[in-house]
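A.B. asks: could you look at this predicted model? Sequence included:
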Amino acid sequence: MLEVDTKAPQFSLLNQDGKEVSLKDYLGKKIVLYFYPKDNTPGCTKEACSFRDAFPKFNKSDAIIIGISPDSVSSHKKFAEKYRLSFDLLADEDKKVVQLYGVWKEKSMFGRKYMGVERTTFIIDEKGRIKDIFKKVKVIGHAKEVIEALKD
């Protein structure tokens with residue numbers, strides 16, 4: 001797992017419009033990079049909508065929001081349009097970035113073990129260093145928690 005005050009690993013992925021987005025494109029800006037398991041599921045929808053609803057507050061902090069999951073570009077497009085999401089959702093179908101960031105983990109549901117994304121948010125500073133990490137995120141109140149952390 002990555003640690004605070006280390007350089008954020010670089011990556012390039014396609015967003016919901018099929019455009020390549022690279023982390024290095026945002027040097028000089030604060031980035032809220034959140035990893036989530038799956039489009040159109042209850043928790044992930046709540047999380048995305050809470051970031052959407054708090055978007056003006058993120059803009060005040062001059063922060064960019066980027067979501068990443070293993071879903072496809074077309075899945076992200078439908079999800080972003082359905083919920084009018086105003087930030088990039090990046091498709092990590094080969095799971096390289098979720099592994100690079102250490103959020104691809106063994107999970108358990110109803111006694112069944114499987115691999116999946118552990119809901120995690122990273123705040124990356126203007127110099128590309130990890131400023132904060134929120135592990136095993138609880139969706140309710142998370143956007144507010146991230147906004148507070150951006151103020152520091």
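C.D. replies: That came through, no problem.
A.B. asks: what packs against the longest helix along the chain?
C.D. replies: Scanning the chain for the helix with the most residues, using DSSP state H, yields helix 42-53. Helix 42-53 sits against strand 30-35, strand 63-69, helix 142-151, with contacts defined as 3 or more Cβ pairs under 8 Å, 6 or more residues apart in numbering; DSSP states H and E. Just so you know, the C-beta spots here come from the backbone N, C-alpha and C atoms, and that holds for glycine as well.
A.B. asks: can you redo the ones you listed as CSV with distance to residue 11 and mean neighbour count?
C.D. replies: Shown next, in CSV, are the helices and strands packed on helix 42-53 (distance: least, Cβ to Cβ, whole Å; neighbours: other Cβ atoms under 10 Å):
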stretch, distance to residue 11, mean neighbour count
strand 30-35, 10, 22
strand 63-69, 9, 23
helix 142-151, 20, 16
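A.B. asks: turn the ones you listed into CSV, columns for mean pLDDT and distance to residue 100.
C.D. replies: Converted to CSV, the helices and strands packed on helix 42-53 look like this (pLDDT from 0 to 100; distance: least, Cβ to Cβ, whole Å):
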stretch, mean pLDDT, distance to residue 100
strand 30-35, 96, 11
strand 63-69, 96, 10
helix 142-151, 91, 21
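A.B. asks: circling back to that earlier point, how about the longest helix of the chain as PDB, C-alpha atoms only?
C.D. replies: C-alpha atoms of helix 42-53 as PDB (Å, rounded to 0.1, in the frame of the first residue of the first chain):
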ATOM      1  CA  PRO A  42     -25.900   1.400  -4.300                       C
ATOM      2  CA  GLY A  43     -22.700   2.400  -2.400                       C
ATOM      3  CA  CYS A  44     -20.800   3.500  -5.500                       C
ATOM      4  CA  THR A  45     -23.800   5.600  -6.800                       C
ATOM      5  CA  LYS A  46     -24.100   7.300  -3.400                       C
ATOM      6  CA  GLU A  47     -20.400   8.100  -3.300                       C
ATOM      7  CA  ALA A  48     -20.300   9.500  -6.900                       C
ATOM      8  CA  CYS A  49     -23.400  11.600  -6.300                       C
ATOM      9  CA  SER A  50     -22.000  12.900  -3.000                       C
ATOM     10  CA  PHE A  51     -18.900  14.100  -4.900                       C
ATOM     11  CA  ARG A  52     -21.100  15.500  -7.600                       C
ATOM     12  CA  ASP A  53     -23.300  17.400  -5.100                       C
END
